[in-house]
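1. Would you be able to build a 3D model of this:
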Amino acid sequence: MALTKENIINQVYEDTQLPKSRSRDVVETLLEIIKDTLGQGEDILISGFGKFMVKAKRARRGRNPQTRADLQLRARKVVVFKTSGVLRKRINGEEITGDETD
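-> The predicted model follows:
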């Protein structure tokens, strides 16, 4: 099951004891900040979590898998995410020492 925005709002509400409407505002504001920053082409570094980066992809040749027809894929920007060492270790169940804050 995926973590939804509503689940995040509920978790903020439960953990902070903020009113539910205020918890929703906090989450919505954070997401808007992230979208605006990425929209400007800037990276977002969240210590202990990871880094969101906007990367440019070049135009390239592609193929429609159903019709096998060749086509040209346009140049575009994509968002990529690179985990921090702390998050990577947590995901893999490795022990995290106190001096790791990456």
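2. Now do the strands in the protein.
-> Applying DSSP state E to the chain gives strands spanning 44-46, 50-57, 60-63, 70-73, 76-83.
3. what's the average pLDDT for the fourth one?
-> If I follow you right, that is strand 70-73. Mean per-residue pLDDT for strand 70-73: 94.
4. where in this protein is pLDDT low?
-> The chain contains residues with pLDDT under 70 at 98-102.
5. And the helices in it, which stretches?
-> 5-16, 20-39, 85-91 (DSSP state H).
6. Output these as TSV; include the columns distance to residue 63.
-> In short, each C-beta sits where N, CA and C put it, glycine included. Converted to TSV, those look like this (distance: least, C-beta to C-beta, whole Å):
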stretch	distance to residue 63
helix 5-16	36
helix 20-39	30
helix 85-91	34
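7. Residue 66 is nearest to which of the ones you listed?
-> When the helices of the chain are compared by C-beta to C-beta, helix 20-39 sits nearest residue 66, at 32.0 Å.
8. circling back to that earlier point, and the strands of the chain as CSV, adding distance to residue 2?
-> Below are the strands of the chain laid out as CSV (distance: least, C-beta to C-beta, whole Å):
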stretch, distance to residue 2
strand 44-46, 20
strand 50-57, 18
strand 60-63, 28
strand 70-73, 27
strand 76-83, 15
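9. mind putting the ones you listed in CSV, mean neighbour count and distance to residue 21 included?
-> Below are these laid out as CSV (neighbours: other C-beta atoms under 10 Å; distance: least, C-beta to C-beta, whole Å):
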stretch, mean neighbour count, distance to residue 21
strand 44-46, 13, 25
strand 50-57, 14, 27
strand 60-63, 10, 46
strand 70-73, 10, 43
strand 76-83, 11, 29
